[in-house]
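> Sequence plus the predicted model coming up.
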Amino acid sequence: MYHIGIDIGSTASKAVVMDNNKDEILAKLVIPSGWNSKETAMKIKDWFESLGYLKKDAKIVATGYGRVSIPFADKVITEITCHGKGSEYLFGKDGTVIDIGGQDTKIIVLQNGFVQDFLMNDKCSAGTGKFLEIMANRLGVDLEEMFQLARKGEDIKISSMCTVFAESEVISLMGNGATKEDIACGIVHSILSKVISLAQRKPYAENYFLTGGFCNSDYMVEELAKELQSTVRTSKNARYAGAIGAALLA
């Protein structure tokens with residue numbers, strides 16, 4: 001028996017296969033979500049079937065933005081519950097999870113392995129991965145290059161809370177001769193300030209866990225830790241936290 005978790009996010013979709021004891025990840029996949037969640041779900045299905053993880057041998061739980069678009073799932077579970085469970089597996093029972101997604105940022109407080117409280121910013125993309133993606137495109141760089149530039153720059157204040165107006169600020173800075181490094185630094189710290197403001201509304205304290213698409217960025221982890229004045233832990237599998245949680249709950 002295999003346990004499969006599928007997390008259809010707004011930007012990227014993740015899938016994880018775990019063994020019968022649910023303590024080992026056997027396979028994992030991340031692909032762009034594309035425009036149609038059902039098509040993405042079928043691509044994921046083809047992937048795990050190609051590896052021999054047939055549905056008759058598996059229990060499947062779906063989560064995420066497109067969880068209702070997975071017709072072959074045995075159950076759907078909210079992303080807050082799945083991210084909490086996956087974070088417990090990766091990091092431990094107590095702490096505050098910071099998940100920076102494509103379209104929302106989630107703050108999840110774990111106590112004794114259970115979700116104690118949570119908060120989401122899903123009304124504006126200014127505190128999410130989409131914001132950084134748009135700004136990176138404006139600077140003509142990819143996200144990794146953006147972080148490299150930001151590390152070398154000085155923070156320039158970008159005050160707007162709206163992505164559209166913030167982009168206008170960036171264009172003005174470019175026109176006024178600001179360096180690409182300084183603009184990149186200002187952009188990254190703009191999103192960090194919004195994420196930290198959200199996190200501090202649900203303070204837990206000693207342990208912070210970073211999940212989501214930026215978990216592999218050393219710069220993001222370092223700057224979050226500096227601003228929070230606390231240790232921020234992450235993992236190579238932190239991007240899969242929602243899918244891992246879904247598999248554990250399967």
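Thanks, I have the structure now. Numbering: from 1, shown residues only.
> C-alpha from now on. contacts and neighbour counts both.
OK.
> so what secondary structure elements neighbour the helix-or-strand element of the chain with minimal mean pLDDT?
The helix or strand of the chain with the lowest confidence, counting by mean pLDDT, DSSP states H and E, is helix 163-175 at a mean of 75. Here helix 163-175 touches helix 129-139, helix 180-199, going by 3 or more Cα pairs under 8 Å, 6 or more residues apart in numbering; DSSP states H and E.
> Just say helix, strand or coil for the spatially closest residue to residue 113 that is not a sequence neighbour.
Residue nearest to residue 113 in three dimensions, not counting chain neighbours: residue 93, with 4.0 Å by Cα to Cα, 6 or more residues apart in numbering. Counting by DSSP: H, G, I helix; E, B strand; the rest coil, the backbone at residue 93 sits in coil.
> Tell me how many other residues crowd residue 93.
18 (other Cα atoms under 10 Å).
> for the residue positioned nearest the centre of the chain, phi and psi?
What sits nearest the mean C-alpha location of the chain, by Cα atoms, centre = their mean, is residue 212, with 1.9 Å. Main-chain torsions, residue 212, degrees, to the nearest 10: phi 100, psi -170.
> In contact with it: list those residues for me.
99-101, 238-241 (Cα atoms under 8 Å, 6 or more residues apart in numbering).
> please redo it, this time with the cut-off set to 10 Å
By Cα atoms under 10 Å, 6 or more residues apart in numbering, the contact set of residue 212 is 12, 83, 98-102, 105-106, 129, 234, 237-242.
> Also residue 220?
147, 151, 188-189, 192, 210, 214, 226, 232.
> of these, closest to residue 170?
residue 188 (12.0 Å; Cα to Cα).
> who touches the closest one in this structure?
Residues near residue 188 by Cα under 10 Å, 6+ apart: 127, 131-132, 135-136, 146-147, 150-151, 155-156, 158, 219-220, 223.
> cool, and residue 33?
So residue 33 contacts 7-14, 39-41, 65-66 (Cα under 10 Å, 6+ apart).
> Okay, and which of those residues map to strands?
7-8, 12-14 (DSSP state E).
> farthest pair in these?
The most distant members of the ones in strands among the contacts of residue 33, if one measures by Cα to Cα, are 7 and 12, lying 8.5 Å apart.
> quick one, strands of the protein?
2-8, 12-18, 25-32, 58-63, 75-76, 95-100, 105-111, 114-121, 207-212, 231-233.
> can you put those strands in CSV and add mean pLDDT and distance to residue 49?
Below are the strands of the chain laid out as CSV (pLDDT from 0 to 100; distance: least, Cα to Cα, whole Å):
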stretch, mean pLDDT, distance to residue 49
strand 2-8, 93, 11
strand 12-18, 93, 11
strand 25-32, 93, 12
strand 58-63, 92, 10
strand 75-76, 94, 19
strand 95-100, 90, 29
strand 105-111, 90, 32
strand 114-121, 86, 32
strand 207-212, 89, 26
strand 231-233, 90, 33
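> which one of these is the most hemmed in?
Most buried of these, by mean neighbour count (mean count of other Cα atoms under 10 Å): strand 2-8, with a mean of 29.
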